[in-house]
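1. Pasting the sequence and the predicted model now:
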There are 2 protein chains.
Amino acid sequence: MVKAAVLGAGYMGGAITFPLSENGVRINLWGTWLDDEIIDSCARAQHPKLKKKLPESVTLYYSDKLKDAVKDVDMIIIGVASEGFLPVFNRLLDTLEQDPPVFTLTKGFIYSEKGIKRVSEGAEELFRKKFPDRKFLWTSIGGPVKAVELSNRVPSATVFGLNCPEIKQKIRFFSTGYYRVFTSDDVAGVELSSAFKNVYSIALGICDGLYRNRPSELNHNLRAFLFNQSVREMAFLAEMAGGKRETVFDFAGVGDLHVTSSSGRNREFGEYIGMGVKPDNAYENMLKDGEIAEGYSGLKHGIGWVNQLRDNRLKELPLLKMLCSIVCLNHDAGAELERYIEKIGY
Amino acid sequence: MVKAAVLGAGYMGGAITFPLSENGVRINLWGTWLDDEIIDSCARAQHPKLKKKLPESVTLYYSDKLKDAVKDVDMIIIGVASEGFLPVFNRLLDTLEQDPPVFTLTKGFIYSEKGIKRVSEGAEELFRKKFPDRKFLWTSIGGPVKAVELSNRVPSATVFGLNCPEIKQKIRFFSTGYYRVFTSDDVAGVELSSAFKNVYSIALGICDGLYRNRPSELNHNLRAFLFNQSVREMAFLAEMAGGKRETVFDFAGVGDLHVTSSSGRNREFGEYIGMGVKPDNAYENMLKDGEIAEGYSGLKHGIGWVNQLRDNRLKELPLLKMLCSIVCLNHDAGAELERYIEKIGY
């Protein structure tokens, strides 16, 4: 019997238990110190965000039981928000006795002593410091998968960015008829795409918010314009991170941006801004409802990450620059969008 | 004073007169033998499809006045549907006394003596036969531009695929603050993208039709899955045509597919099929309302074009194959979609 620990009991942590359980995996679902109420609710009735009872093969663990949750497991899946990644990963390293492969659903950047890093870079650094002789087996999971749909078995494509081909053996425990797994050896590309698709979805949301009173048949050219420019810039960013442009043009980038810009929290966050709500207020209002717009911190960290690279490359990223002006510097969204549009072209 | 002839008075033929006129171009708008009523309506009041009065600098020409319409013009813009391209282009060649650059908004394939060809290939063949000593200056226009939005000055990105760099001088007559022109030297890639985005939008429409009763929050993963697979296959098709993959990943492909799969006639045609209407009936019903789902013939010609290539490459195009089963062979849409999904992945 294969055993997996899922760390983080939010949307994706909950949803990934469905395909795993259908492949006969026994799952320990561990909630962070922010997830106690979720674990309570799951124990009592159903997952409160997914509005679904979790599969039978899931055992629930409260935040003080990490050691029990990861004991003797064959795989670890991390499903916490990027803000929570470092504290969870550090605790995991203090607890771990074996070195099972880690699959992470966490997207974005973390701060380390040496600056802003991608999650996988930061994780590898910590891992190697602690366990210089052990093998770091790492998979970044990306692609267009909204958790609620996954838990409802809507056909979905996902891409697993593997740092080592031997992890492929484990994919059969994830893949089902409705959860179609594609693989890539470009961890950096998958990770960059996953992080920045949240950021660029804010731009599509801003557009929707600004032009919400326009008849719907007049709202496609500009949305497509911004969608496409987002893909262009994500490809540029992936290359700067040492990843491949083609990774962005596939499920991790184009596909995931398609989902994230059609629905979800980052698009919604942008929509509020387009409607005239100050970014900080929009973020806080959503947080009060228990919803985190990860693209907000993703944008700030992403800009920081770009700035710490050699040369200032921000000038080659006009849409990211526009987002920075609107979201970080509170400039007027309509005026900035207009300025951006008139600037690019032949 | 720069003069341009626009051939075809439908959606795009009408819409392109707006940016041209704002750049001071005098426009002769010629309607084909199918456009007489449109020309009547434009002369009387407004463009009947765009629901807008055309700019002052437009002079209208009925179908029997092609010679007058193209006399002494500096540019010719072709905006007819792909079905009408050959008869219009042949008449043009019989009439033309000079060799101005041709910009075409027509997408898709045409039949020639030597088989199915891209529009630009077919046009070049005819041109060179007639005028072996003249220069063939050709631009295929692609990108995410719905005509109604263009005529309403919604910011839009377009890509001009040029067969010769000197045509760049003419772009300033098209480009405005809201009509942003990008350029490419990959005519084949732009053209293939433009043709196949109509075809693949049918798949997104089928998905919408099949799952129209599903709550909207459960309809994003699969749409993104199909969108992304469409991009994958269009990149493969562009390569087979001697074009570049990157062209597909940009405005001509990703961007245009975004618009076309969000709204428009090809998506609508697919939606009817997903709802159980037989493809032929769906096409005919739309035609009665004066709407042509170009993706229908695009699919048939596209499949024919793939089949005439060396080796049978259709097996590497599972989504196109699925479309062929559903749309050309009347197979059950739900069953075919399910089969397709279970077939692809790691």
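-> Nice, I can see it.

2. Could you report the neighbour count for A:Glu22?
-> Applying other C-beta atoms under 10 Å in any protein chain shown, we find 18 residues neighbouring A:Glu22. From N, CA and C alone the C-beta is placed, and that goes for glycine too.

3. so who does it touch?
-> Going by C-beta atoms under 8 Å, 6 or more residues apart in numbering or on different chains, A:Glu22 touches A:Pro55, A:Thr176.

4. any idea how far it lies from A:Lys168?
-> 19 Å (C-beta to C-beta, to the nearest Å).

5. Near chain B, which residues of the stretch 101-250 of chain A? Just list them.
-> Neighbours of chain B within the stretch 101-250 of chain A, by C-beta under 8 Å from any C-beta of the partner chain: A:144-146, A:148-150, A:152, A:154-157, A:160, A:168, A:171, A:175, A:177-178, A:180-183, A:217-225, A:227-229, A:231-232, A:235, A:245-246, A:249-250.

6. Give me the buried entries from the residues you listed.
-> A:144-146, A:148-150, A:152, A:154-157, A:160, A:171, A:175, A:178, A:180-183, A:219-225, A:227-229, A:231-232, A:235, A:245-246, A:249-250 (16 or more other C-beta atoms under 10 Å in any protein chain shown).

7. Sort out which of those residues are in strands and list them.
-> If you go by DSSP state E, those have A:Ser156, A:Ala157, A:Phe160, A:Arg180, A:Val181, A:Phe182, A:Thr183 in strands.

8. and the two most separated of those?
-> Among these, the pair separated by the greatest distance (C-beta to C-beta) is A:Ser156 and A:Thr183, at 15.3 Å.

9. Identify the residues contacting A:Thr176.
-> A:Pro19, A:Glu22, A:Asn23.

10. tell me what the strand or helix carrying A:Ile273 is packed against?
-> According to DSSP states H and E, A:Ile273 maps onto helix A:265-274. Applying 3 or more C-beta pairs under 8 Å, 6 or more residues apart in numbering or on different chains; DSSP states H and E, we find helix A:265-274 packed against helix A:187-210, helix A:256-262, helix A:279-288, helix A:294-308.

11. Is it possible to get JSON lines of those helices that adds mean pLDDT and mean neighbour count?
-> Listed next are the helices and strands packed on helix A:265-274 as JSON lines, based on pLDDT from 0 to 100; neighbours: other C-beta atoms under 10 Å in any protein chain shown:
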{"stretch": "helix A:187-210", "mean pLDDT": "97", "mean neighbour count": "28"}
{"stretch": "helix A:256-262", "mean pLDDT": "97", "mean neighbour count": "27"}
{"stretch": "helix A:279-288", "mean pLDDT": "96", "mean neighbour count": "15"}
{"stretch": "helix A:294-308", "mean pLDDT": "93", "mean neighbour count": "21"}
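
12. May I ask which helix or strand of chain A has the lowest mean pLDDT?
-> Every helix and strand of chain A was ranked by mean pLDDT, DSSP states H and E. The lowest is strand A:109-112, at a mean of 85.

13. What are the buried residues along it?
-> A:Phe109, A:Ile110.

14. And that strand, how far out from the chain middle?
-> 14 Å (C-alpha atoms, centre = their mean, to the nearest Å).

15. Can you mark which positions in the following helix or strand past it are buried?
-> The helix or strand immediately downstream of strand A:109-112 is strand A:115-118, counting by DSSP H and E. Neighbour-count burial for strand A:115-118, with 16+ other C-beta under 10 Å as criterion, is recorded at A:Ile116, A:Lys117, A:Arg118.

16. give the contact list for the closest residue to the last one other than its chain neighbours.
-> So the one you mean is A:Arg118. Closest residue in space to A:Arg118, ignoring its immediate chain neighbours: A:Glu191 at 5.1 Å, by C-beta to C-beta, 6 or more residues apart in numbering or on different chains. Contact partners of A:Glu191, counting by C-beta under 8 Å, 6+ apart, are A:Lys107, A:Arg118, A:Val119, A:Ser120, A:Ser140, A:Gly142, A:Gly161, A:Ala241, A:Gly243.

17. go again using 10 Å as the cut-off
-> Listed by C-beta atoms under 10 Å, 6 or more residues apart in numbering or on different chains, the contact set of A:Glu191 reads A:104, A:106-109, A:118-121, A:140-142, A:161, A:238, A:241, A:243, A:247, A:252.

18. Kindly report the same for A:Ile292.
-> Taking C-beta under 10 Å, 6+ apart as the criterion, A:Ile292 is in contact with A:Gly10, A:Ala81, A:Ser82, A:Glu83, A:Gly84, A:Arg265, A:Asn266, A:Phe269, A:Tyr283, A:Met286.

19. I figured the third one was touching A:Lys300, is that so?
-> No: A:Ser82 sits out of contact with A:Lys300 when judged by C-beta atoms under 10 Å, with a separation of 11.5 Å.

20. which neighbours do the two share?
-> Joint contacts of A:Ser82 and A:Lys300 (C-beta under 10 Å, 6+ apart) are A:Phe109.

21. before we move on, back to that, quick one: which of the contacts of A:Ile292 is nearest chain B?
-> Closest to chain B out of the contacts of A:Ile292 is A:Arg265 (12.3 Å), distances taken as C-beta to the nearest C-beta.

22. I'd guessed that closest one sits against A:Asn285; true?
-> No: using C-beta under 10 Å, A:Arg265 is not in contact with A:Asn285, being 11.7 Å away.
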